[in-house]
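S.K.: Mind folding the following:
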Amino acid sequence: MLFLVHREQILKQAMESFKDVLGDGIKAGLLSGTTKNYDADYLFSTVQMMSKPDIMQKFGEGYFDYICLDETHRSGAESYQRIINYFKPKFLLGMTATPERTDGFDIYSQFDHNIAYEIRLQQAMQEKMLCPFHYFGITELIIDGIVIDDTTEFKYLVSEQRVDNIIDKIEFYGHSGDRVKGLIFCSRQEEAKELSRLFNERNYHTIALCGNDSQEAREDAISRLEQDEMVGRLDYIITVDIFNEGVDIPAINQVVMLRPTQSAIIFVQQLGRGLRKAINKEYVVIIDFIGNYAKNFLIPIALSGDRTYNKDTIRKYVVEGNRIIPGCSTVNFDAISKERIFDSIDNIKGIKKFIKDSYISLKYKLGRIPTLVEFYENGEVDPSLILENYKSYFSFLLSVEETYKGQQLSENDLITLEYLSKIISRGKRPHELEILKLIISQGKFDTADLKRILEEKYNVISSEKVINAACAVLEGSFISKDLEKDKYSHIDILVERNTGIYERIFTFYERMKQIEFRNQINDLIELGTKKYQDVYSYMSNRRNEFVLYEKYSRRDVCLLLNWGKDLSSTMYGMKRLKDDVAIFVTYNKVGGDSERAYSEGKPDYADEFIRDSNNVFAWDFQIGRGPNSSYVLDVCEPKRKHLFIKKSDNEGTDYYYMGLFDVLEVSGDKKKDNNGRLREISKMKFKLYDSVREDLKDYLQSN
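M.R.: Numbering: from 1, shown residues only. Okay, the predicted model is just below:
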C-alpha cells in the first residue's frame, strides 16, 4: 500500500494511525526528503518525493495494490498527475475535507465519480468524531475612527490598542485545559511577525510561521506548542498561509482569527485545526474578530455548512446561533458583529460567480450536467437564485455549457419556461404542478380526479374555484402588468373542453416533442413538487393557505388567495379582496436603523411588537387615513386578516407569514407629512392568533 501526503510532517502521524488499527507488526516505512525506505509493505511517502521519475521507476506500475491520496483536492497538480498516470493499483482512494474546488479541475473524474463516503462538519459533530467548539464572533476594534476592513493600513493592524484588545479577548474567552495552546491566523506575513513580537513583549511565548519557513522550523514550533515543560514552550503560533490543512495538532485549544473571511473552505480548514480530540481537552474556543469585511456572509455559511447562498437561510443561521451545530458546541455573535454580517448578506456581490462555481462543483460530483432539482437535493446553490438571475435554467446552461451553444428553443418555448420558472418552481402549492403532470402524461384531466390526487398525495381539500384559478394561472392570465401580460398571455398549455374537464392544447403537445423543452418543464415540476413536499406540506404549522414563518412574496399571496391576478404592483402596505386582507410590514423602514425612523423629512411609522408581547403588534396607517376612512374599514371588515413582515427592504420581496390576527383597537392621531403639513393618521393594534416564535421576533427587532 502507498499512502501519499503533500506535507512531510503528517507522514509519521499517518503511519502511527495505521499501526493503531492494523497493529505494530505491519511492515511500515517512510519515503521523504529525510528518510528513504523502499521495501515497506505499507509505504508512507510525500507526493514531492514519489513524483520524481527516478523514484517512481524503482517500483513497477502495478507494484502497489492500494494507493491512498490524502488532500486529494490537490490531485490536479502536475506532481499528483505523474503518480496517478504512472501507477495502476487495484484500488485508488482519495481523501479530502474540501472537495468543492473553484479552479476548474474535476477531481471526481480521477475516481470515476465514485464517492466512497461523505461526511460534513455538522454530521461529524453529531457523531462525536470531533471535539466540541465554542465560537465567538466579536467586533474588531475601531482605532482613530477607523473600522478595520479588507483594506486597513498595516499600522492599525499592529497598533498597541489592537494588540491590547486581542489579548483582553483571548484571556476573557479562555481555553480548555491548564494552559493555552493556540493558533492565530492573520492576513500578512509582516503582521504575523510584528504581532508575535508585541505578544512576546507582553509575556506571551509566540512564534510567527509563514510559507517560507522550513519543515524543520514548523515541526519544532508544533512540538514546542504541544509540550508541557515550561522551558521553551510556546503559547501561540501566529501564521498566515500555512496550517490551513495537512497538519494535525490535537492539543490546540484556542483558534484566533484576525483576518477577513475570503473563503468558506479556508474558514472551515482553519476552524478544523482545533477540532481534533486530545487528552485533557474538553473543547476548543474559536475567537473570530469581525471587521467591516465584504465577505462576512461567508462566516455563517461556513459554520452551517449551507451552500445555497440563500440570503434568508444565511440570516437565519446568524440569528439561531447555537442551533447551527449539533451537540454541545455553541455559536455566538455580539450585536455589532451580527449587524456587520447582516450588512454583508444584504450586499452580497458576484452572485453569478457563486452560481457558476456551484454548478461546476455539482457537475463534477455527478459526472454530468445536473438538473435544477439536483441543486436542491444536493444542498448546492438555491435553484431560485439561478432562475432569478437567468430567467430560466435553459438560459443559464446556454451561458456556461459549450454543448448548449448550438441548442435552440423557439421564442414561445423560452417565454413558457420563463413564466413557469416564476410561477411553479417556488412550490408554494401543488395544484399547478399536478395539473401539468396530468396534462403532460394524459393530455387532459377531470377536476374530480385532480381533487382526489391533491387529497391523497398532499392532504389538501380543494374547491372547484381554486382549481379553476390554478388553470387560469397556467394559461398565463395571472399576470396583470401590461408588459408581462403581453409577453405571457399566449403560452398555450391547456383549455377547458367541457365543464370540469381540461384538455391540453395541440400546439403544446407538439412543443413537448422537443426533448430539451420537455426535460426543462419536467425539471421545474419536480423542483416545485420537491419544495412543496419538504417545506409547505407539513400540517403542524399550516393555518390556511400559508405556513407560519415561511416566506412569501406579494405575488405568492395573490396566487394562494386566488385573487386571479398578480396585484403585487398595487398592493403596497395593505390589500383587501372580498373576505381577505393582507398587511405587509417592513419592520426596519431604513435598513439597520434601530429606531425605524425614516430619513429626515419623512414620517416615523411605529410598526412594531408591543413591548414584552409576542402576539400584539402596533401598526400605523399611511398619513391621511383617519379612523373613519374606507382604508381602515378595509382592514377591519374582512373575515380573515393576514400579517406579513420582513426585516428590511434589503431582504428582497419576500415576507414572513406571521399568521391571522384580530383588530384590538383603532385610534387617531396627527402627524406631519413630507411637506410639513399636520394630517390625520390611524393607529391600530393587532392580536395574532399565534404567538410569534422567539428567535424570529429577536431577528426582526435586532439592529
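
S.K.: My guess is I348 contacts F297. True?
M.R.: Yes - A contact is recorded between I348 and F297 when judged using C-beta atoms under 8 Å, the distance being 5.7 Å. Where you see a C-beta, it was placed from the backbone N, CA and C, and this is true even at glycine.

S.K.: Pick out whichever of those two has more residues nearby.
M.R.: Under the neighbour definition other C-beta atoms under 10 Å, I348 and F297 were set side by side, and F297 has more, 26 against 15.

S.K.: and that one, what does it touch?
M.R.: Residues in contact with F297 (C-beta atoms under 8 Å, 6 or more residues apart in numbering) are I314, I341, S344, I345, I348.

S.K.: nearest spatial neighbour of the fourth one, skipping sequence neighbours?
M.R.: Among residues not flanking I345 along the chain, F297 sits closest, at 4.5 Å (C-beta to C-beta, 6 or more residues apart in numbering).

S.K.: Same question for the third one.
M.R.: Beyond its immediate neighbours in the sequence, the residue positioned closest to S344 (C-beta to C-beta, 6+ apart) is N296, lying 3.7 Å away.

S.K.: From K422, how far off is the one you found?
M.R.: In this structure, N296 and K422 are 31 Å apart, going by C-beta to C-beta, to the nearest Å.

S.K.: Have a look at those two and say which one is more surrounded.
M.R.: In this comparison of N296 against K422, neighbours counted by other C-beta under 10 Å, the higher total goes to N296 at 24 against 19.

S.K.: from memory R82 sits against S51, does it?
M.R.: Yes - if you go by C-beta under 8 Å, R82 and S51 touch, sitting 4.7 Å apart.

S.K.: Which residue of those two possesses the greater neighbour count?
M.R.: S51 (20 against 16).

S.K.: Could I get the contacting residues of the more buried one?
M.R.: Taking C-beta under 8 Å, 6+ apart, we find S51 in contact with E78, S79, Y80, R82, I83.

S.K.: Leaving out the residues flanking it, which one is nearest to it?
M.R.: On the basis of C-beta to C-beta, 6+ apart, the spatially nearest residue to S51 that is not a chain neighbour turns out to be S79, at 3.9 Å.

S.K.: Could you give the number of residues near that neighbour?
M.R.: A total of 18 residues lie near S79 under the criterion other C-beta under 10 Å.

S.K.: just D534 next, same as before
M.R.: 12.

S.K.: how near is it to I583?
M.R.: As for D534, its distance to I583 is 28 Å (criterion: C-beta to C-beta).

S.K.: which non-adjacent residue is nearest E226?
M.R.: Setting aside the residues directly before and after it, E226 is nearest to A251 in space (C-beta to C-beta, 6+ apart), at 4.5 Å.

S.K.: isn't the one you found right up against G182?
M.R.: No - with the criterion set as C-beta under 8 Å, A251 and G182 do not qualify as a contacting pair; they are 10.0 Å apart.

S.K.: before we move on, back to that, put together TSV for the contacts of S51, with distance to R640 and secondary structure on each row.
M.R.: Below are the contacts of S51 laid out as TSV (distance: C-beta to C-beta, whole Å; DSSP: H, G, I helix; E, B strand; the rest coil):
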residue	distance to R640	secondary structure
E78	67	helix
S79	67	helix
Y80	63	helix
R82	70	helix
I83	68	helix
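
S.K.: Pick the one among those residues closest to L561.
M.R.: For these, the residue nearest L561 by C-beta to C-beta is Y80; the value is 58.2 Å.

S.K.: okay but that closest one is in contact with D70, surely?
M.R.: No - Y80 is beyond contact range of D70, at 10.8 Å (criterion: C-beta under 8 Å).

S.K.: shared neighbours, the two?
M.R.: Counting by C-beta under 8 Å, 6+ apart, the common neighbours of Y80 and D70 are L4.

S.K.: farthest pair in the contacts of S51?
M.R.: E78 and I83 (10.0 Å).

S.K.: More neighbours: the two, which one.
M.R.: Each of E78 and I83 had its neighbours counted (other C-beta under 10 Å), and the higher figure belongs to I83 (19 against 7).

S.K.: mind listing what the more buried one touches?
M.R.: Taking C-beta under 8 Å, 6+ apart as the criterion, I83 is in contact with L4, V47, M50, S51, M56, I67.

S.K.: can we see that at 6 Å?
M.R.: With contacts taken as C-beta atoms under 6 Å, 6 or more residues apart in numbering, I83 has the following neighbours: M50, S51.

S.K.: all strands for the stretch 151-300 of the chain, in order.
M.R.: For the stretch 151-300 of the chain, applying DSSP state E, counting those that start in this stretch gives strands covering 182-185, 206-209, 236-239, 254-257, 284-290.

S.K.: Quick check: P383 touching Y376?
M.R.: Yes - between P383 and Y376 there is a contact under C-beta atoms under 6 Å: 5.5 Å.

S.K.: So which of these two has more stuff around it?
M.R.: More neighbours sit around P383 than around the other of P383 and Y376, counting by other C-beta under 10 Å; the figures are 28 against 21.

S.K.: Report the buried residues of the longest strand along the chain.
M.R.: With residue count as the measure and DSSP state E as the assignment, the chain has strand 655-672 as its longest strand. Buried residues in strand 655-672, counted by 16 or more other C-beta atoms under 10 Å: Y655, Y656, Y657, M658, G659, L660, F661, V666, K671.

S.K.: Okay, and the beta partners of the fifth one?
M.R.: Spelled out, it's G659. Applying DSSP bridges to G659 yields these beta-bridge partners: L643.

S.K.: Tell me where the stretch 1-150 of the chain is predicted with low confidence.
M.R.: 101-103 (pLDDT under 70).

S.K.: Helix or strand next in line after the worst-scoring helix or strand of the chain on mean pLDDT, which one?
M.R.: Across the helices and strands of the chain, the lowest-confidence element by mean pLDDT, DSSP states H and E is helix 482-488, at a mean of 67. Towards the C-terminus, the helix or strand next in line after helix 482-488, according to DSSP states H and E, is strand 494-498.

S.K.: for the helix or strand just after that next one, packing partners?
M.R.: Past strand 494-498, heading to the C-terminal end, the next element that is a helix or strand (DSSP H and E) is strand 501-504. Packed against strand 501-504 by the contact rule (3 or more C-beta pairs under 6 Å, 6 or more residues apart in numbering; DSSP states H and E) you find strand 444-446, strand 494-498.

S.K.: Many thanks, have a good one.
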